[in-house]
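Participant: got a predicted structure here, sequence first:
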Amino acid sequence: MSKDRQLLLADLKREIGSLGAELRESVELRWRLAQIELQSDLRLAKRLAGVLLIVSVMVLTALPVLTVCLAQLCDGWLGVSTTLWLAIAGFVLLVGGTAGGYTAYRRFRRSFAGLEQTIEELREDLAWLQEWTGRGKEAAAEENDADREEGTRPGT
């Protein structure tokens, strides 16, 4: 019997060792996935900041010149003064700039993952670990029992 026990213990040690190795590999892979997602999101954020900076400089440089030029060209046209033409042009440019910024922000939000895959993988790993240890069903049953008890207590 002692040989059987030794063989059983050796097999158990081997299984635990391989499980530990798989767990380490899984953690390493999850960490690498998180790093890749963060690098990708950082690149997207940098690209957005660069584009917004360039667009802002261009708009801020061109707006005063074009606005005054356009207002002087339209002076007296339809009986409207230069000041009113400047106000109209300013409003149109403000609306256009706001729409452009909003569009760039929406494109950024659509591409921004924010560790979405990593968190999903960790949830799956946790569910698998709970199932593997047998705690998944027990924990769910305990939570259901606790919820039922809270619902039946007076004053709740």
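Facilitator: Right, received. Where do you want to start?
Participant: could you list the low-confidence segments of this structure?
Facilitator: 1, 136-156 (pLDDT under 70).
Participant: what helix or strand is the most centrally placed residue in it located in?
Facilitator: For the chain, the residue nearest the mean C-alpha position is Gly114 (2.3 Å; Cα atoms, centre = their mean). Using DSSP states H and E, Gly114 falls within no helix or strand.
Participant: with adjacent residues omitted, what lies nearest to it?
Facilitator: Asp41 (6.4 Å; Cβ to Cβ, 6 or more residues apart in numbering). Where C-beta positions appear, they are placed from N, C-alpha and C, glycine not excepted.
Participant: can you check which helix is longest in the chain?
Facilitator: helix 2-74 (DSSP state H).
Participant: can you name the next helix or strand after that helix?
Facilitator: Following helix 2-74 in sequence, per DSSP H and E, is helix 82-111.
Participant: tell me which other helices or strands that following helix touches.
Facilitator: Applying 3 or more Cβ pairs under 8 Å, 6 or more residues apart in numbering; DSSP states H and E, one finds that helix 82-111 contacts helix 2-74.
Participant: same for the helix it packs on, what does it pack against?
Facilitator: Under the contact definition 3+ Cβ pairs under 8 Å, 6+ apart, helix 2-74 sits against helix 82-111, helix 116-133.
Participant: how many residues are close by Arg8?
Facilitator: In this structure residue 8 is Leu, not Arg. 10 (other Cβ atoms under 10 Å).
Participant: thinking again about what came up before, quick one: the residue nearest to Gly114 from Arg47, how far?
Facilitator: Between Asp41 and Arg47 the computed distance is 11 Å (Cβ to Cβ, to the nearest Å).
Participant: among those two, which residue is more densely surrounded?
Facilitator: Asp41 (17 against 12).
Participant: please name the residues that touch that one.
Facilitator: Going by Cβ atoms under 8 Å, 6 or more residues apart in numbering, Asp41 touches 112-114.
Participant: measure Leu44 to Val95 for me?
Facilitator: 26 Å.
Participant: the more surrounded of these two?
Facilitator: More neighbours surround Leu44 than the other of Leu44 and Val95, with 16 against 10 (other Cβ under 10 Å).
Participant: ok, that one touching Phe112?
Facilitator: Yes: under the contact definition of Cβ atoms under 8 Å, Leu44 touches Phe112, with a separation of 6.0 Å.
Participant: okay, now the residue lying closest to Ser40 once chain neighbours are set aside: neighbour count?
Facilitator: Excluding the flanking residues, the one nearest Ser40 by Cβ to Cβ, 6+ apart is Ala113, at 6.9 Å. Here the number of neighbours of Ala113 (other Cβ under 10 Å) works out to 13.
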